[in-house]
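Enquirer: Provide a 3D model corresponding to the input given below.
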Amino acid sequence: MQVVFFLLPKGETIYLSLNQTLRQGLEKMQHHRYSAVPLLDDDGHYVGSLTVADFLWYIKDSLNMNMEKISKILLQDIPRQHDNPPVSVNANVDDLLQMAMEENFIPVVDDLGIFIGIVRRREIMEYYRTHQD
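Expert: Predicted coordinates:
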């Protein structure tokens, strides 16, 4: 079975852009109550995953909790501790199982590396639950 079967399309996915500010990123993640989201460049390429921990460590280490500075920091300037590697839209569901054990979501890109959505761990688990031999 192909990844596309599980795909939550980009239009239904919460993600951040490298040119958004730290404050915008925090507010969006707080509003949706996510602890990690995909991070895209201006052309829509997946560049990594941004986590709440990335924000917190950056604020602690670089800004000394100065909210005025937070409004001016771009997300591209925040070091990321860990990125969820993307898979091709042509990947097989079996390729996702190991990744899903480590991550809440798996970013999916097309043949040009453009982010097209995510596959959530929940859908992979449901697939294997319902397709037991």
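
Enquirer: nearest residue to the most centrally placed residue in the chain other than its sequence neighbours?
Expert: By C-alpha atoms, centre = their mean, the mean C-alpha position of the chain lies nearest to P38, the distance being 2.2 Å. Taking C-beta to C-beta, 6 or more residues apart in numbering, and ignoring the residues beside it in sequence, P38 has Y15 as its nearest neighbour in space, at 4.3 Å. From N, CA and C alone the C-beta is placed, and that goes for glycine too.

Enquirer: Do I have it right that that neighbour meets A36?
Expert: No: with contact defined as C-beta atoms under 8 Å, Y15 does not reach A36; the gap is 10.7 Å.

Enquirer: Name all residues that make contact with the residue nearest to P38.
Expert: Taking C-beta atoms under 8 Å, 6 or more residues apart in numbering, we find Y15 in contact with V37, P38, L39, L40, F115.

Enquirer: Just give the number of residues close to G48.
Expert: Other residues near G48 number 19, with proximity taken as other C-beta atoms under 10 Å.

Enquirer: Would you indicate which residues of stretch 104-111 are buried?
Expert: Under the neighbour-count criterion of 16 or more other C-beta atoms under 10 Å, stretch 104-111 has F105, I106, P107, V108, V109 buried.

Enquirer: For beta bridges, what are the partners of the second one?
Expert: When bridges are taken as DSSP bridges, the partners of I106 come out as V119.
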